[in-house]
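1. I'd like to go over a predicted model; first the sequence, then the structure.
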Amino acid sequence: MNSPLLKLFIHPADAWLDIRHAEEAHPQHYLPRLLAMALIPALCLFVGTTQFGWSLAGEERVRLSLASAAQLSGLLYATTVAGVMLMGVMIRWMSRGFDAQPTLSQSIGFAAYCATPWFVAGVVGLVPMRWLAVCALGVASAYATVLLYGGLQTFLRLRKEQAMLFATCVWGVGLLLMVTILVSMILFWSNGLMPEYVRPASLG
C-alpha cells in the first residue's frame with residue numbers, strides 16, 4: 001500500500017505528495033518504472049496476437065506470426081517510451097508560461113505517472129477484442145485525466161486556477177501527440193514492416 005503506483009489508484013492525492021518528494025530526492029527515479037510499466041502492453045499484445053488472435057467474422061480468428069508480433073510489440077514499446085518522454089518535454093516547454101519551473105526529469109516523471117492507467121489497461125492485449133480494448137482504453141483515459149487534473153497542482157506547486165489551465169493545455173497537447181504517434185506507428189508497421197498473418201484458425 002505504500003507504493004506510489006498503488007496509491008495512484010487508491011489515494012491519488014497522497015500518491016502525488018509521495019511522488020513529488022521522491023522526485024526531489026531522486027530526480028530520475030521514474031525511469032526504471034517507466035521502462036518496466038511500458039512492457040505491460042507490449043508483452044500482453046505479443047502474447048494475445050500470437051496465441052489467441054482476434055475474431056474478424058464468424059468463428060474465425062486471425063493471428064500474427066512470431067516475427068510480426070515481435071515487430072509490433074517492439075514498435076509499441078519504443079513509441080510508448082518515446083511518447084511519454086516527448087510529453088515530458090512538452091510539459092517542460094509549456095511550463096514557461098506559468099509560475100512553475102520543473103526540470104525536464106520532473107516533467108517526464110509526471111507524464112510517466114499520469115500514463116500509468118494506460119499501462120495497466122494494456123493487460124487487455126492478452127485477449128485482443130475490439131470492444132474490450134475500447135472500454136479499457138476509455139476507462140484508462142478517463143482516469144489518466146483525473147490524475148492529470150488532480151496531480152498537477154500538487155506536483156508543480158501551482159495555484160488552483162493556474163493548475164486547471166495548465167492541465168487543460170497538457171491534456172490537449174497530449175491527445176494530439178498520442179493520436180499522431182499511434183497513427184504513425186500503425187502506418188509504419190502496416191506499410192513498412194509488412195506484417196505476416198497466420199492462417200485463420202477455428203475457434204473450437
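-> That came through fine.
2. For the rest of this, base every contact and every neighbour count on C-alpha atoms.
-> OK.
3. how near is Arg63 to Met94?
-> Distance, Arg63 to Met94, using CA to CA, to the nearest Å: 42 Å.
4. From the neighbour counts alone, determine which of the two ranks first.
-> A direct count of neighbours by other CA atoms under 10 Å for Arg63 and Met94 places Arg63 higher, at 22 against 16.
5. Which residue, neighbours along the chain excluded, lies closest to that one?
-> Gly53 (4.2 Å; CA to CA, 6 or more residues apart in numbering).
6. same thing with Leu156?
-> Once flanking residues are discounted, Leu156 sits nearest to Ala100: 6.3 Å by CA to CA, 6+ apart.
7. burial count for the one you found?
-> There are 16 residues near Ala100, going by other CA under 10 Å.
8. got a pLDDT number for Pro200?
-> According to the prediction, Pro200 has pLDDT 59.
9. so where is the chain shaky, pLDDT-wise?
-> The model of the chain has pLDDT under 70 over residues 1-4, 55-60, 199-204.
10. what ranges do the strands span in it?
-> For the chain, the strands defined by DSSP state E cover 54-57, 60-64, 197-202.
11. Going by neighbour count, which residues in the helix of greatest length in the chain are buried?
-> Longest helix in the chain by number of residues, with DSSP state H as the criterion: helix 160-191. Buried residues in helix 160-191, counting neighbours by 16 or more other CA atoms under 10 Å, are found at 162-164, 166-167, 170-171, 174, 177-178, 181, 185, 189.
12. Of the residues you listed, which is the nearest to Ala142?
-> Relative to Ala142, the closest of the buried residues of helix 160-191 is Trp171; by CA to CA it sits at 11.2 Å.
13. can I assume the closest one is in contact with Thr145?
-> Yes. The pair formed by Trp171 and Thr145 meets the contact definition of CA atoms under 8 Å, at 7.4 Å.
14. check contacts around Leu193.
-> Neighbour list for Leu193: Gln71 [criterion: CA atoms under 8 Å, 6 or more residues apart in numbering].
15. how near is it to Gly172?
-> With CA to CA as the criterion, Leu193 and Gly172 are 31 Å apart.
16. again with Tyr30
-> The gap separating Tyr30 from Gly172 is 23 Å, by CA to CA.
17. Over to Phe46?
-> From Phe46 across to Gly172, the span is 30 Å (CA to CA).
18. The residue lying closest to Tyr30 once chain neighbours are set aside: neighbour count?
-> Nearest residue to Tyr30 in three dimensions, chain neighbours excluded: Gly109, at 5.3 Å (CA to CA, 6+ apart). Gly109 has 25 neighbours, counted by other CA under 10 Å.
19. State the distance from Gly109 to Ala82.
-> Counting by CA to CA - Gly109 and Ala82 are separated by 13 Å.
20. show me where the chain has helices.
-> 4-10, 12-25, 30-37, 39-47, 66-94, 104-114, 116-121, 130-156, 160-191.
21. Single out the most deeply packed of those helices.
-> Counting by mean count of other CA atoms under 10 Å, helix 104-114 has the highest mean neighbour count of these, with a mean of 24.
22. for the residue nearest to Leu156, what are its contacts?
-> Per CA under 8 Å, 6+ apart, neighbours of Ala100: Leu156, Arg157, Leu158.
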